[in-house]
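Engineer: would you be able to build a 3D model of this:
(2 chains, ligands or ions: 3)
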Amino acid sequence: MKHSNIINHPQFTREGRPVAFSPNILNKVQSLMNRYPEGGQKSALLPVLHIAQEELGGYLSVDVMDYVAALLGIQPIEVYEVATFYSMFYLDKMGKYVIEVCRTGPCAISGGEQILAHLQDVLEIQPGETTPDGVFTLKEVECLGSCGTGPVMQVNTEYYEKLTPGKVDRLLEELREYANKNKPGDSTWVKKFC
Amino acid sequence: MGEKILLANIDIPGIRGFDVYRANGGYAAVEKALLEMTAAQVSAEINRSGLRGRGGAGFPTGLKWSFLDRKSDKPRYLVCNADESEPGTFKDRYLMHHLPHLLIEGLIISSFTLGVNTCYIYIRGEFKYLVGILENAIREARQHGFLGEHILGTDFSLNIYVHPGAGAYICGEETALLESLEGKRGNPRIKPPFPAFKGLYGCPTVVNNVETLATVGPIVNMGGDVYAKIGRGKSTGTKLISACGNINNPGVYEIEMGLPVEDFIYSPEYCGGIARDKYLKAVIPGGSSVPILPADLILNTAKGEKRLMTYESLAEGDFESGTMLGSGGFIVYDEDACIVRNTWNLTRFYHHESCGQCSPCREGTGWMEKVLYRIEHGQGRMSDIDLLVRVAKNIEGNTICPLGDAAAWPVASAIRHFRHEFEEHVLHPAAVLEKERSLIKFF
Ligand SMILES: Cc1cc2nc3c(=O)[nH]c(=O)nc-3n(C[C@H](O)[C@H](O)[C@H](O)COP(=O)(O)O)c2cc1C
Ligand code: SF4
Ligand code: FES
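Structural biologist: Residues are numbered from 1 along each chain as shown, chains lettered A, B, ... in the order given. Ligands and ions are numbered 1, 2, ... in the order given. Purely as a prediction, here's the structure:
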């Protein structure tokens, strides 16, 4: 399964900033593409969009999508189609921490609705909105596959389970501190509190 | 204590890593299959075991494998369905988290049997932390000669790749999964052609669930006949059940098929009874898509026999008074649960997750959600209840993929068994809302 080497065509934002992966990431993209057979390079689209979202600003702007299209040798529309279908791809700027609260049945009967209400109260935003300081975005999502330890939410890629309003408060406090120090969230948190 | 096959070694410290896994009998099944057996012999063992797909439909695995087009000169693919997004289901996550090598072993043996050289694990994007665990297990297996070229010195070569999805329940449906794996929207394909003939990249493909594939190694070890003796009737072996809702011990349990439902709910070894000493009201035993049953019908069939945890017993009574084993997502509701609210919640889920290709599903789920919302929020009319039944009926069977049915059954069954609650909501909305507010739970 070998593809010809990918060609890096940086895109430019409206302000003229280039949009491009670092050489390291480009290598990763290349090896991802090699996982799929000749002619199947489009298969790398979802994994590459995950990387693009992580590396290029936290959401998929049109510039980023166009860049990914050029990288994989597919039409921009093929990227837009996919980016708009899947709930994990964000099309708008997000807060530093995206809080995704599970709202589905099993979580709802074990207190999930109250966790969402509590977050709305404390953060003073509605689902879909970002706090004015740009630290938190609140979202409702469907079943996270963790129903036995509900209520559950995901903050960026971490799972937080068996939530109570008290635990939520402590987590928010901790994340705010990290946000100030510009560090990513601490992945040991789950073990500490759950 | 029932027989444990998949989770027998789960408590051994370090079992996630290759060395400990190997020291406890790991990869013996791969050696046995690749060095002592032919592909046809492994197939025969799987056939004899009576193993049925654990992803939801319960289709016999050996039979599914026999459909794979072996005449085609195109490459064949095995795709492991690790999309696990059915509400109430969290067993595959547990299995992959604790025993990644059990899955890898199953993938190697299955690929050998099917003549596959490339295998993809399609895992839901939210399980990002599992990707590292799986890729690490793959690396270890490769280092020890169980993956890559000429495995164990044979002619058989295999590569396994982990492929993340990006948040879409529908990608658990096998043809939507294949579309997604090809880098497209997860729109289910019209069948036929079936994946066994035209699957991934138009090549012959088998799609199996994580738990199904993880069971292949143990079957090779013990032999299909021995496996078939475990369980009951056509529900052979053990099944992972993920139990959640208003019970004392939510979690993942391996049960021998045939365990009475009552024992599963009340035994301290499993669910440990209803939380806070409440009464059992209802159960959805196989993930949110299967019909909900009230307490009396989940414990005993309409004929008065004890209901057992098997495909057949749970389905006893069909849609009138039965349900399905499905994916084993066992959701328990206590006396305080509001069936109307729960039905509205699940319908919102299906509406949100409908891919939108077929009008009955796209429009029907939205319509049902709207009507259920208004009943739950005190603005319902008596005629709404029959309207829901009609809409559900018109979705069922009229769509490309089974998500349509999965959205229709919860509504139809909730009304069939709990019509009085819907009527109560229409007749006394204020009283019902007041009661629900008083039951808000904080844990
Ligand atoms: C809407 C929908 C969602 C599904 N989700 C899953 C899933 O998350 N995991 C899974 O293994 N099977 C899922 N299935 C079933 C698959 O289509 C397929 O039957 C299964 O992967 C086959 O594997 P098995 O034979 O080993 O059970 C889903 C089916 C439908 C219709
Ligand atoms: S039934 Fe629903 S989810 Fe399935 S193909 Fe049709 S619209 Fe899509
Ligand atoms: S319902 Fe919340 S994780 Fe499944």
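
Engineer: what residues are up against the nearest residue to B:Val426 once chain neighbours are set aside?
Structural biologist: Counting by C-beta to C-beta, 6 or more residues apart in numbering or on different chains, B:Val426 lies nearest to B:Gly380, which is 4.4 Å off, once chain neighbours are set aside. For glycine as for every other residue, the C-beta is placed from the backbone atoms N, C-alpha and C. By C-beta atoms under 8 Å, 6 or more residues apart in numbering or on different chains, the residues touching B:Gly380 are B:Val371, B:Arg374, B:Phe422, B:His425, B:Val426, B:Pro429.

Engineer: go on, B:Glu174?
Structural biologist: B:Val79, B:Asn81, B:Pro195, B:Val207.

Engineer: quick one, phi/psi of B:Val235?
Structural biologist: Actually, residue B:235 is Ser. It isn't Val. phi -100, psi 80 (degrees, to the nearest 10).

Engineer: gap between it and ligand 3?
Structural biologist: 25 Å (C-beta to the nearest ligand atom, to the nearest Å).

Engineer: from B:Leu325, how far out is that residue?
Structural biologist: 8 Å (C-beta to C-beta, to the nearest Å).

Engineer: sec struct for B:Pro291, please.
Structural biologist: coil (DSSP: H, G, I helix; E, B strand; the rest coil).

Engineer: can you pull the pLDDT of it?
Structural biologist: Per-residue confidence (pLDDT) for B:Pro291: 97.

Engineer: again, but for A:Val190
Structural biologist: 37.

Engineer: for B:Gly50, which non-adjacent residue is spatially closest?
Structural biologist: B:Thr236 (3.7 Å).

Engineer: identify the bridge partners of the one you found.
Structural biologist: Beta bridges link B:Thr236 to B:Gly231, judged by DSSP bridges.

Engineer: tell me the contacts of B:Val208?
Structural biologist: Heads up, residue B:208 is Asn, not Val. Counted by C-beta under 8 Å, 6+ apart, B:Asn208 has contacts B:Gly53, B:Gly55, B:Thr61, B:Lys64, B:Leu78, B:Val79, B:Cys80, B:Asn81, B:Ser110.

Engineer: domain assignment for chain A?
Structural biologist: A:13-85, A:97-181 (automatic domain parsing).

Engineer: name the stretch among those that sits most buried.
Structural biologist: For these, the largest average neighbour count (mean count of other C-beta atoms under 10 Å in any protein chain shown) is found in domain A:97-181, namely a mean of 20.

Engineer: tell me which residue is most central in chain B.
Structural biologist: B:Ser327 (2.7 Å; C-alpha atoms, centre = their mean).

Engineer: which neighbours do B:Ser235 and B:Leu325 share?
Structural biologist: Looking at what touches both B:Ser235 and B:Leu325 (by C-beta under 8 Å, 6+ apart), the common residues are B:Thr310, B:Tyr311.

Engineer: about what we covered before: restricted to strands, list the contacts of B:Asn208.
Structural biologist: B:Leu78, B:Val79, B:Cys80, B:Asn81 (DSSP state E).

Engineer: quickly list what B:Val283 is bridged to.
Structural biologist: Where B:Val283 sits in a bridge, its partners, by DSSP bridges, are B:Leu293, B:Val332.

Engineer: okay, it: pLDDT?
Structural biologist: pLDDT, B:Val283: 98.

Engineer: my guess is it contacts B:Ile331, does it?
Structural biologist: Yes: at 6.8 Å, B:Val283 counts as touching B:Ile331 under the criterion of C-beta atoms under 8 Å.

Engineer: who's more crowded, those two?
Structural biologist: B:Ile331 (30 against 27; other C-beta atoms under 10 Å in any protein chain shown).

Engineer: is it true that B:Glu376 touches B:Asn342?
Structural biologist: No: counting by C-beta under 8 Å, B:Asn342 is not a contact partner of B:Glu376; they are 9.5 Å apart.

Engineer: looking at these two, which one has more neighbours?
Structural biologist: Per other C-beta under 10 Å, whichever of B:Glu376 and B:Asn342 has more neighbours is B:Asn342, with 26 against 22.

Engineer: identify the residue spatially nearest to that one, adjacent ones excluded.
Structural biologist: Per C-beta to C-beta, 6+ apart, closest to B:Asn342 is A:Gly105, 5.6 Å.

Engineer: one more: B:Gly328?
Structural biologist: In space, B:Gly328 is closest to B:Ile241, 4.5 Å off (C-beta to C-beta, 6+ apart).

Engineer: cool, B:Thr61 as well?
Structural biologist: B:Leu51 is the one closest to B:Thr61 (C-beta to C-beta, 6+ apart), at 4.6 Å.

Engineer: any idea how far B:Ala431 is from the residue of the stretch 51-200 of chain B found nearest ligand 3?
Structural biologist: Distances between the stretch 51-200 of chain B and ligand 3 by C-beta to the nearest ligand atom are smallest at B:Pro87, namely 5.0 Å. Separation of B:Pro87 from B:Ala431 (C-beta to C-beta): 29 Å.

Engineer: counting neighbours, go ahead and name the busier of those two.
Structural biologist: B:Pro87 (31 against 12).

Engineer: which residues touch that one?
Structural biologist: A:Thr104, A:Gly105, A:Pro106, A:Glu142, A:Cys143, A:Cys147, B:Gly287, B:Ser288, B:Gly329, B:Ile331, B:Leu346, B:Phe349.

Engineer: can you count the residues close to B:Thr154?
Structural biologist: Neighbours of B:Thr154 (other C-beta under 10 Å): 10.

Engineer: likewise for the one 5 residues further on?
Structural biologist: The number of residues packed around B:Asn159, counting by other C-beta under 10 Å, is 16.

Engineer: do the one 10 residues further on as well
Structural biologist: Per other C-beta under 10 Å, the neighbour tally for B:Tyr169 reads 28.

Engineer: contacts only, for it.
Structural biologist: A:Glu142, A:Cys143, B:Asp83, B:Ser85, B:Glu86, B:Phe349, B:Glu353, B:Leu403.

Engineer: does the second one touch A:Thr104 like I think?
Structural biologist: What that stands for is A:Cys143. Yes: between A:Cys143 and A:Thr104 there is a contact under C-beta under 8 Å: 4.1 Å.

Engineer: show me where the chain dips below the pLDDT cut-off.
Structural biologist: Picking chain A for this. Where chain A drops to pLDDT under 70, the residues are A:1-10, A:13-17, A:182-194.

Engineer: let's do chain B instead
Structural biologist: B:1, B:438-443.

Engineer: helices or strands up against the lengthiest helix in it?
Structural biologist: Across chain B, the helix with the greatest residue count (assigned by DSSP state H) is helix B:403-427. Helix B:403-427 makes packing contacts with strand B:280-284, strand B:293-294, helix B:318-321, helix B:339-353, helix B:359-376, helix B:382-395 when contacts are defined by 3 or more C-beta pairs under 8 Å, 6 or more residues apart in numbering or on different chains; DSSP states H and E.

Engineer: B:Glu126 looks like it's in a strand, true?
Structural biologist: No: assessed with three-state DSSP, B:Glu126 is helix; it does not lie in a strand.

Engineer: from the contacts of B:Pro87, which land in helices?
Structural biologist: A:Gly105, A:Pro106, B:Leu346, B:Phe349.

Engineer: need those in TSV (columns: distance to B:Phe418).
Structural biologist: Shown next, in TSV, are those (distance: C-beta to C-beta, whole Å):
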residue	distance to B:Phe418
A:Gly105	15
A:Pro106	18
B:Leu346	13
B:Phe349	19
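
Engineer: residues near the nearest residue to B:Ile46 once chain neighbours are set aside, how many?
Structural biologist: Nearest in space to B:Ile46, with sequence neighbours left out and distances taken as C-beta to C-beta, 6+ apart, is B:Gly62 at 4.4 Å. Per other C-beta under 10 Å, the neighbour tally for B:Gly62 reads 19.

Engineer: show the contacting residues for A:Ala83.
Structural biologist: A:Leu49, A:Leu60, A:Met65, A:Phe89, A:Leu91.

Engineer: now, which of the residues you listed lie close to ligand 3?
Structural biologist: With C-beta under 6 Å from any ligand atom as the criterion, those include none near ligand 3.

Engineer: taking these one by one, which sit in strands?
Structural biologist: Going by DSSP E, the strands hold none of these.
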